[in-house]
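K.L.:
Starting from these lines, generate the structure:
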Amino acid sequence: SEVEANPHNYDVWFDYVRLMEEEGSVEQTRELYERAVANVPPIKEKRYWRRYIYLWINYALYEELTVADAERTREVYNFALRLIPHKKFTFAKMWLYAAKFEIRQKQLTAARKIMGAALGKCPKAKLFR
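P.N.:
The predicted model follows:
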């Protein structure tokens with residue numbers, strides 16, 4: 001399959017996951033997301049990570065909105081945020097999604113902690129939008 005031939009072609013993973021979300025069980029879909037995000041970009045350059053980060057965001061949104069599993073959603077965001085090599089580059093979008101999730105969960109202290117960490121690791125104007 002295309003996924004086996006080129007596991008870092010994230011667009012193919014997106015198509016595969018979308019099909020699984022429509023056709024498969026929650027367990028099958030989670031397993032596929034886990035397989036997809038296991039393919040960490042081999043080069044620590046932001047342009048290679050952009051599509052990959054969207055796999056994590058989609059995974060978290062799937063857990064929150066489709067499965068309604070807040071704890072698992074939190075784990076997905078936390079794992080993704082630990083994985084990003086913040087010393088080289090970061091993604092304001094990932095920090096904001098994680099913080100907004102906590103706000104939707106009425107966990108304002110957790111949201112503040114995420115934003116505090118974001119400001120420490122990626123002091124960008126984008127965080128204030």
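K.L.:
now K121, nearest residue through space, not along the chain?
P.N.:
Leaving aside its chain neighbours, K121 sits nearest to H86 (4.4 Å; criterion: C-beta to C-beta, 6 or more residues apart in numbering). Yep, even glycine has a C-beta here, placed from its N, CA and C like the rest.
K.L.:
How many neighbouring residues does Y48 have?
P.N.:
Residues lying near Y48 (other C-beta atoms under 10 Å) number 14.
K.L.:
which stretch of helix or strand covers W13?
P.N.:
Taking DSSP states H and E as the criterion, W13 maps to helix 10-23.
K.L.:
Any idea how far that helix is from the middle of the chain?
P.N.:
Taking the mean of its C-alpha atoms, helix 10-23 sits 15 Å from the chain's own mean (C-alpha atoms, centre = their mean, to the nearest Å).
K.L.:
For that helix, name the packing helices and strands.
P.N.:
Other helices and strands packing on helix 10-23, by 3 or more C-beta pairs under 8 Å, 6 or more residues apart in numbering; DSSP states H and E, are helix 2-5, helix 26-37, helix 46-61.
K.L.:
With mean pLDDT added, can I get those helices in CSV?
P.N.:
Formatted as CSV, the helices and strands packed on helix 10-23 follow (pLDDT from 0 to 100):
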stretch, mean pLDDT
helix 2-5, 88
helix 26-37, 97
helix 46-61, 96
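K.L.:
Please dump those helices into CSV; it should also carry distance to F128 for every row.
P.N.:
Output for those, formatted as CSV (distance: least, C-beta to C-beta, whole Å):
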stretch, distance to F128
helix 2-5, 38
helix 26-37, 28
helix 46-61, 20
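K.L.:
E102: which of those is closest?
P.N.:
helix 46-61 (11.6 Å; C-beta to C-beta).
K.L.:
Kind regards, and thank you for your time.
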